[in-house]
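Chemist: Structure for the following, please:
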Amino acid sequence: MHGVLISPLGDVTERLERLRERGTPAVLVDRRGEGTGFSSVAVDDVAGGYLAVRHLLDIGRRRIALLAGPLDIRQVADRVTGARREIAEVSDSTLEIINAPGLTVVDGRRGGEEVAARTPADRPDGIFAVNDLLAVGVLQALVMTGSLRVPDDIALVGYDDIDFASAVVVPLTSVRQPSQLIGSTAIDLLLEAVADPGLDPREVVFQPELVVRASTAR
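Modeler: Residues are numbered from 1 along each chain as shown. So this is what the prediction gives:
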């Protein structure tokens, strides 16, 4: 094995150290590499969370709910951090964190059902889900009530811009990551490390992009 690309969810420091001891180059993908001694390619998820909530505020929403998955996942925690930073800049806005046990459509549907069951006064007027699967589940729950309209009653933003995001019943506004560029850059960094193991590690961070669709646009 000449080298590996790793996209970790938790702490993989010990495994990375074992790879280093074996002389195996590795590049972290979708994870910042600061302090690891390994090159990395990632997206600025703090900026992504900021971007998502800023869009909701820009279209006039002020009671924002953030449907978050496990906060021990770095990408989730960073997106929450970005959302909180943007909310702090707008004095008449509020941010409610709704914790989901996972990042699946089912988890999103449960969160959406909880929101839909509230009285109008207690209900958010905008939801940011930290990934598109959660957002799709929220959308299913809201649409199935028959009484709530997206985006008229609740605007919805997801994250990742998966292929399915544009094909759901209400096409989903989402924060897009440059997936192809991330992959090709990770391969380039790995080939560099294989060719010259003495190279200093590099950290490449890309900026996300907001893709606006019907879930926030009337």
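
Chemist: wait, isn't Val136 in contact with Val168?
Modeler: Yes - under the criterion of CB atoms under 8 Å, Val136 makes contact with Val168 at 5.8 Å. (Glycine included, C-beta is placed from N, CA and C.)

Chemist: neighbour count winner among these two?
Modeler: Comparing Val136 with Val168 by neighbour count (other CB atoms under 10 Å), the higher total belongs to Val136, at 25 against 18.

Chemist: Now do the more buried one, the pLDDT please.
Modeler: Val136 is assigned 98 on the pLDDT scale.

Chemist: For it, which residues are in contact?
Modeler: Contacts for Val136 (CB atoms under 8 Å, 6 or more residues apart in numbering) come out as 105, 108, 158, 164-165, 168, 172.

Chemist: so which one among those has the lowest pLDDT?
Modeler: Lowest pLDDT of the contacts of Val136: Phe164, 90.

Chemist: next one: phi and psi at the closest residue to Val4 other than its chain neighbours?
Modeler: Take Val4 and drop its neighbours on the chain: the residue closest to it by CB to CB, 6 or more residues apart in numbering is Ala26, 4.9 Å away. In terms of degrees, to the nearest 10, the main-chain angles of Ala26 are phi -140, psi 150.

Chemist: Kindly report the same for Glu89.
Modeler: Backbone torsions for Glu89, taken as degrees, to the nearest 10, come to phi -90, psi -10.

Chemist: That one: neighbour count?
Modeler: Neighbours of Glu89 (other CB under 10 Å): 11.

Chemist: State the distance from it to Ser215.
Modeler: Separation of Glu89 from Ser215 (CB to CB, to the nearest Å): 23 Å.

Chemist: where's Leu5, which helix or strand?
Modeler: Assigning secondary structure by DSSP states H and E places Leu5 in strand 4-6.

Chemist: Mind giving me the packing neighbours of the next helix or strand after that strand?
Modeler: Once the chain leaves strand 4-6, the next helix or strand it forms, by DSSP H and E, is helix 13-21. Contact here means 3 or more CB pairs under 8 Å, 6 or more residues apart in numbering; DSSP states H and E; on that basis helix 13-21 packs against strand 26-29.

Chemist: Might you list the low-confidence residue ranges for the protein?
Modeler: For the chain, the stretches with pLDDT under 70 are 1, 9-11, 33-35.

Chemist: now for the longest helix anywhere in it, which elements pack on it?
Modeler: The helix spanning the most residues in the chain, taking DSSP state H as the definition, is helix 179-195. Helix 179-195 sits against strand 4-6, strand 26-29, strand 39-43, strand 203-206, with contacts defined as 3+ CB pairs under 8 Å, 6+ apart.

Chemist: Dump those strands to CSV, plus mean neighbour count.
Modeler: Output for the helices and strands packed on helix 179-195, formatted as CSV (neighbours: other CB atoms under 10 Å):
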stretch, mean neighbour count
strand 4-6, 15
strand 26-29, 24
strand 39-43, 25
strand 203-206, 16
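
Chemist: closest to Pro151 out of these?
Modeler: strand 39-43 (25.0 Å; CB to CB).

Chemist: Does that closest one pack against any helices or strands, and if so which?
Modeler: So strand 39-43, by 3+ CB pairs under 8 Å, 6+ apart, packs with strand 26-29, helix 179-195, strand 203-206.

Chemist: The helix or strand following it packs against which elements?
Modeler: Next along the chain after strand 39-43, taking DSSP H and E as the criterion, comes helix 45-58. Applying 3+ CB pairs under 8 Å, 6+ apart, one finds that helix 45-58 makes contact with strand 63-68, helix 74-87, strand 126-129, strand 155-160, strand 173-176, strand 209-211.
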